[in-house]
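Mind folding the following:
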Amino acid sequence: MAKSQKRVRFAIYTRYSSEMQNDLSLEAQEQRCRQAIAERNGVVVAVYSDGAKSGWSLERDGFNQMRNAAERGKFDAVMFWKFDRLARDHNHTVMIKMLLRHEYGLKLYCVEGFSEDEDDSPYSALMEQMLGVFSAFYSKNLSSETKRGKRQRALNGDFNGSIPPLGYDLVTVANATPELAPGLHINMRQAAVVRRAFRLYATGDYSDADIAKWMMTRPLIQQLRAGRMPVNKEMIRDLLQNRVYTGRVPHSDTRYSGSLGNGKKSSRGRKEWFEGKHHGFIPDDLFDLCQDVRAGMMVHRSKPTEMRTYLLHDRLYCARCIANKPTGLIDDNYGRMRPYYHNQRDTSFYRCLAHDRGYEKCGQKATRVAAIDGQLIAILSQLDIPDGFRERVEQAVQNRVENEASLQRMEEVQAIV
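Numbering: from 1, shown residues only. Below is the predicted model:
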C-alpha cells in the first residue's frame, strides 16, 4: 500500500496596519489564509497576529513569536494575506524572507500576490519582487504625505495627539461646535493640579517621585487614575518637560532603532516646537526655572562604578502584589521586583517596585539577592536532566547564535546597500 503524503504544517501571520485605513481585519486575513491552506491540503498549527502595528517596525510581539517558533522548527511554511504584512520597507521584507527561507528552511506563501515557492519559476520570483517594490513605494509615499500633513498641522498651531495632556480636554473635529473649536481646551480643575506640580518642583525641594506621591493624594487624580496605573515619577518627569503647557505644540518624525526597525526611538530632544492655537497656563519663566532645577539635580547624580549581574533581573515578581492585584488593572509590570545595591551594607537586594511606581506599599520587605539566587541554584541543581538534553541545548544555542549572526549579516548588507 502506498504511504500517505505528510501534510504540510502551516503557520499564519496577520497584521493590521496602524497606518492604513483599508486593510482587511485580522479575522478576515486569517479566514482567507485558512481557506488557501485548506486548498493545499495543509494543516494550520499556529496563528500569529499583530493588531494596529506599523509595518516599518519589527518590534511586534506576534512577529517575534513566529520567529522564535520557526527557529524551533514548529512548522514548515507560513501563509500571509499579502507579503507586505511582513514589513513595509522592501529591503526589510527581502531580508526577513531570506531569514525565514534560508536560515529556517520555510516555504512562504500569500493569498494575494505571487510567491517563488509556488512553482520555483523565474516568473513567480520576478513578480514577487516587483509587487514588493510597488507596495513599498505606495506605503512610503503615504507615510511621507502623512508626515508632511502632521508637520503642517503643527506649523498651524494644531495639536497632533489623540490623548490630551493632563490639564486639557481635546475637542475633535467631529465633536466641535460653533462655541467650541477643535483642539485643546484648558480643564480648570486639572490645570490647577498641574500648575501646583510645577510650583512645587521649582522650589528644588521636591523630586519627581515626591510630586507623583503628592498628586495621587488629590481626589481628582485618584478618580482619573481609578483602575489604571497610578501617577509615577516617569509620568511627572515628562509632564514637567512638556512645553504644551506653555502654549506650544510639538512635532517629531517617528524613528526606529537599527536597520531592521527594532523599536521606536524616543522623541526626547528631537521635538520641534511651534506656537499653538491653544492657551497655555504655565508661564515661560516658571517652565524654564523647572528645567534649571532639573539640570542642577542631574549634576549631582553619580554613575555606578561597577556592573553587577543578577540571575533574576526582571524575572522576579512579588507574591503579595500578584495575589492582591486589583481587578481589571492593565499593567504587565505590576508586582515586578528589581535588584538594587546597598552601598553602606555592601549587599544586593531584590525589592518590590510597587511603591516606586505609585501603588500602595504591599508590605514585602527587600530580600537578599544571595538568598533568592541560592534557592534558584539549589532547585536547578536537583533537576533530573534527561538523556540528550545537553546536546539539544547546545544545538539550540548554536542555532540562536547562527540566527543572530544571520541578522547581523543582513544589517551589514543593508548598510552597504
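
counting contacts, what elements does the lengthiest helix in the chain pack onto?
What stands out as the longest helix in the chain, according to DSSP state H, is helix 122-155. In terms of contacts (3 or more CB pairs under 8 Å, 6 or more residues apart in numbering; DSSP states H and E), helix 122-155 is packed against helix 90-98, helix 116-119, strand 248-251, strand 272-275. Placement of C-beta: from N, CA and C, glycine included.

can you redo those as CSV with mean pLDDT, mean neighbour count and distance to residue 235?
As requested, the helices and strands packed on helix 122-155 are arranged in CSV below (pLDDT from 0 to 100; neighbours: other CB atoms under 10 Å; distance: least, CB to CB, whole Å):
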stretch, mean pLDDT, mean neighbour count, distance to residue 235
helix 90-98, 79, 20, 33
helix 116-119, 85, 16, 48
strand 248-251, 90, 20, 17
strand 272-275, 91, 14, 20
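
Now residue 107, what are its backbone angles?
phi -100, psi 140 (degrees, to the nearest 10).

what's the neighbour count on the residue lying closest to it once chain neighbours are set aside?
Leaving aside its chain neighbours, residue 107 sits nearest to residue 77 (4.0 Å; criterion: CB to CB, 6 or more residues apart in numbering). Counted with other CB atoms under 10 Å, residues neighbouring residue 77 total 19.

Residue 77 touches residue 13, doesn't it?
No: judged on CB atoms under 8 Å, residue 77 makes no contact with residue 13 at a distance of 11.1 Å.

picking up where we left off before, OK, contacts around the residue nearest to residue 107?
For residue 77, the contacting residues are 8-11, 42, 106-109, 117, by CB atoms under 8 Å, 6 or more residues apart in numbering.

Using a markdown table, please lay out the residues you listed together with secondary structure and distance to residue 213.
What follows is the contacts of residue 77, written out as a markdown table (DSSP: H, G, I helix; E, B strand; the rest coil; distance: CB to CB, whole Å):
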| residue | secondary structure | distance to residue 213 |
| --- | --- | --- |
| 8 | coil | 58 |
| 9 | strand | 53 |
| 10 | strand | 52 |
| 11 | strand | 47 |
| 42 | coil | 57 |
| 106 | coil | 52 |
| 107 | strand | 56 |
| 108 | strand | 53 |
| 109 | strand | 55 |
| 117 | helix | 58 |
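
Could you point out which of those is nearest to residue 193?
Here the nearest of these to residue 193, counting by CB to CB, is residue 11; it sits at 49.3 Å.

so the closest one touches residue 72, yeah?
No: using CB under 8 Å, residue 11 is not in contact with residue 72; the gap is 11.7 Å.

Look at the two and report which has more neighbours.
residue 11 (23 against 10).

What residues does the more buried one make contact with?
So residue 11 contacts 44-48, 66, 69-70, 74-75, 77-79 (CB under 8 Å, 6+ apart).

Can you show me the helices along this structure?
26-39, 61-71, 90-98, 116-119, 122-155, 188-202, 208-215, 219-224, 233-239, 284-299, 319-323, 369-381, 389-416.

Now tabulate those in CSV and tack on distance to residue 343.
Formatted as CSV, these follow (distance: least, CB to CB, whole Å):
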stretch, distance to residue 343
helix 26-39, 50
helix 61-71, 38
helix 90-98, 45
helix 116-119, 59
helix 122-155, 46
helix 188-202, 27
helix 208-215, 19
helix 219-224, 34
helix 233-239, 21
helix 284-299, 19
helix 319-323, 27
helix 369-381, 14
helix 389-416, 36
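
Which of these sits closest to residue 354?
helix 319-323 (5.5 Å).

buried ones in the closest one?
residue 321 (16 or more other CB atoms under 10 Å).

Kindly report the same for stretch 151-167.
Quick answer for stretch 151-167 (16+ other CB under 10 Å): 151, 154, 158-159, 164-167.

if we can go back for a sec, now, among the contacts of residue 11, which is nearest to residue 329?
residue 48 (26.6 Å).

wait, doesn't the closest one sit right on residue 63?
Yes: counting by CB under 8 Å, residue 48 does reach residue 63; the two are 6.9 Å apart.

Give me the common contacts of the two.
Counting by CB under 8 Å, 6+ apart, the common neighbours of residue 48 and residue 63 are residue 13.
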